[in-house]
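Asker: fold the following and give me the result.
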Amino acid sequence: RKLIGKLGIGLFALSQLTHEFQIITKQKGDDTRTVADVLLFRYAEDKAKAGDSEEEEFHTGSVRLWKVPARDKKTHGTEIILRNLLPRTKAELASYELWTVIHAPVPADGDDEERDRRERPRYHLGCLDPDHPGEFL
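Answerer: As a prediction, the model looks like this:
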């Protein structure tokens, strides 16, 4: 709990995005950073139902901890690196649904509301080119 936060909801929120992440944290005055590699295991209800009547040990995941030297004793903070994002997370972060609507052909008889929905947002990171998925439009 000390790694994730005081209320414990950060881990739950994170598990909706990915099952693999790294936390790097340092307190002011420390000469090392603490690094944690976290892997959350998926729980399959079918597996639990099919199992024996004996209670099996429940594994939530694994964590590997180590320390690395810090360059500056005055700095402090925590960095969380998400790895292997879930497919739905990638689609949400890329605003896939929004860009699909924007790139769809506009019907000739489309009303003003339809046109407004198809306008590019004022602030955005862009989108991938459907014809060249490795390139941004």
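
Asker: most remote residue from the middle of the chain, which is it?
Answerer: Residue farthest from the centre of the chain, counting by Cα atoms, centre = their mean, is residue 109 at 39.7 Å.

Asker: how much space between it and residue 31?
Answerer: Using Cβ to Cβ, to the nearest Å, residue 109 is found at 68 Å from residue 31. For the C-beta atoms, the positions are set from N, CA and C on the backbone; glycine is no exception.

Asker: now the residue nearest the centre of the chain: closest residue in space that isn't a chain neighbour?
Answerer: Centrality entry for the chain: nearest residue to the mean C-alpha point is residue 17, 3.7 Å, by Cα atoms, centre = their mean. Nearest non-adjacent residue to residue 17, counting by Cβ to Cβ, 6 or more residues apart in numbering: residue 89, 4.6 Å away.

Asker: what ranges does the protein have for its strands?
Answerer: Using DSSP state E, the strands found in the chain span residues 20-26, 32-40, 61-69, 77-83, 128-129, 132-136.

Asker: can you put the ones you listed in CSV and add distance to residue 98 and mean pLDDT?
Answerer: Formatted as CSV, those follow (distance: least, Cβ to Cβ, whole Å; pLDDT from 0 to 100):
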stretch, distance to residue 98, mean pLDDT
strand 20-26, 26, 95
strand 32-40, 29, 95
strand 61-69, 33, 95
strand 77-83, 21, 92
strand 128-129, 13, 75
strand 132-136, 15, 78
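
Asker: fine by me, thanks again.
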